[in-house]
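1. Provided below are the primary sequence and the corresponding predicted coordinates.
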Amino acid sequence: MTVQDIRAFNRFYTNVIGALDYSRHLYAPFTLTESRVLYELAYSPRTDAADLRSELSLDAGYLSRILNRFEQDGLVERAPSERDPRRRQVTLTARGRETAELLAERADESVGALLATVPDADRPRLAEALHTVRTILSASDKHRPRPEDVVLREPGPGDLGWIVQRNAALYASEYGFNADYEGLVARIVADFAEDHDPHLERVWIAELDGRAVGCVMCVRDDAPGTARLRLLLVEPDARGLRIGDQLVAAVVEFARGVGYRDLVLWTNDILGAARRIYQRHGFVLTAEKPHRSFGQDLVGQDWRLDLHGTGE
């Protein structure tokens, strides 16, 4: 590996993604840097100007000029930070959030078009290569992900399919589950996609650096006043960031907020990390039973949380 190897790759990749003419590439009046600032403001919990400058490694004067322009265009508002009055908190206006969402949608379409040219058989290799590059070049503490880097969001196009694919792949590799499990997950996801009440049922995607790394669902149970937590998953390389805790907390808060009395779930005893998360949030084991499913001998467990109780 030489400097010229990396420079050659950079020239290739910036051309592939249209970085040299980003505004025309996305049909938007923003440079690549301006679009990234909007993205951070929309999806990152850190919105102080100093945090933005540090996160994006931008010159203070350059970032200030970008924010001045955004403020003049009615995209952002600035005020003293609640955490530290010496800092300036930057928040998107309604217009700014609409703009950021439009840019994200166009970027997704652009990358989707690029990915469509990659044969299905080559996609796992491509994903692994991208992950390898990110892991090696992010080895320093500065770029190591933190729990606050994780964003919980609603699913976008393709995310429900991702839930099925990642559940099937991870449970096959980690627990030896067969295709029966993929069929079960596919039915759960299809039922939600085809018929759900958005006021009482939700899906959360955990995103880290623009990549889906976890998910969970909250759906109505057959029992009146009861919600069911389903399909909690965290990618192996994102574990240790308390993503599972964030996802379960989101379900508990949502279920309690919309008026459910109980929150239940079914899992298997081999999923030790997940069970510890449920216990931390106040779930109580109510029943367990051996069964043969997904090509394995398992012990199924029913857990319940009284939402009128203390919660966590």
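-> Arrived safely.
2. use CA for all of it now, contacts and neighbours both
-> Noted.
3. all strands for the stretch 151-300 of the chain, in order.
-> Counting by DSSP state E, counting those that start in this stretch, the stretch 151-300 of the chain forms strands over residues 151-153, 202-208, 211-220, 226-234, 262-268, 284-293, 296-306, given from the N-terminal end onward.
4. In CSV: those, plus mean neighbour count, mean pLDDT and distance to residue 243.
-> Supplementary listing: the strands of the stretch 151-300 of the chain in CSV, determined by neighbours: other CA atoms under 10 Å; pLDDT from 0 to 100; distance: least, CA to CA, whole Å:
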stretch, mean neighbour count, mean pLDDT, distance to residue 243
strand 151-153, 18, 91, 9
strand 202-208, 22, 94, 7
strand 211-220, 22, 95, 7
strand 226-234, 22, 96, 7
strand 262-268, 20, 96, 18
strand 284-293, 13, 96, 21
strand 296-306, 17, 96, 20
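5. Save these as JSON lines, and put in distance to residue 249 too.
-> Written out in JSON lines, the entries for the strands of the stretch 151-300 of the chain read as follows (distance: least, CA to CA, whole Å):
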{"stretch": "strand 151-153", "distance to residue 249": "11"}
{"stretch": "strand 202-208", "distance to residue 249": "11"}
{"stretch": "strand 211-220", "distance to residue 249": "11"}
{"stretch": "strand 226-234", "distance to residue 249": "11"}
{"stretch": "strand 262-268", "distance to residue 249": "12"}
{"stretch": "strand 284-293", "distance to residue 249": "15"}
{"stretch": "strand 296-306", "distance to residue 249": "12"}
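6. of all those strands, which lies closest to residue 242?
-> For these, proximity to residue 242 was assessed by CA to CA; strand 226-234 is nearest, at 9.5 Å.
7. just the angle between that closest one and strand 211-220, please?
-> Calculated by axes from the mean of the first three to the mean of the last three CA atoms, to 10 degrees, strand 226-234 forms an angle of 170 degrees with strand 211-220.
8. Of all the strands of the stretch 151-300 of the chain, which one is nearest residue 123?
-> If we rank those by CA to CA, the stretch that ends up nearest is strand 211-220, at 15.0 Å.
9. quick one, the closest one and strand 262-268 angle?
-> Using the same axes, to 10 degrees, the direction of strand 211-220 lies 120 degrees away from that of strand 262-268.
10. ok now strand 211-220, how far from the chain's centre?
-> With CA atoms, centre = their mean, to the nearest Å as the basis, the distance from the averaged C-alpha position of strand 211-220 to the chain average is 8 Å.
11. before we move on, what about stretch 200-219?
-> Using CA atoms, centre = their mean, the distance between the centre of stretch 200-219 and that of its chain works out at 6 Å.
12. just stretch 303-310 next, same as before
-> Using CA atoms, centre = their mean, we find the averaged C-alpha position of stretch 303-310 to lie 26 Å away from the chain's own average C-alpha position.
13. again with stretch 291-301
-> Here stretch 291-301 shows a centroid-to-chain-centroid distance of 29 Å under the convention CA atoms, centre = their mean.
14. between the strands of the stretch 151-300 of the chain, which gets nearest to residue 167?
-> strand 226-234 (7.2 Å).
15. which outside residues touch that closest one?
-> 167, 185, 213-221, 243-244, 247-248, 251, 255, 260-266 (CA atoms under 8 Å, 6 or more residues apart in numbering).
16. now the helices for the stretch 1-150 of the chain?
-> With DSSP state H, counting those that start in this stretch as the definition, the stretch 1-150 of the chain shows helices at residue ranges 3-16, 22-25, 32-43, 49-56, 60-72, 94-115, 123-137.
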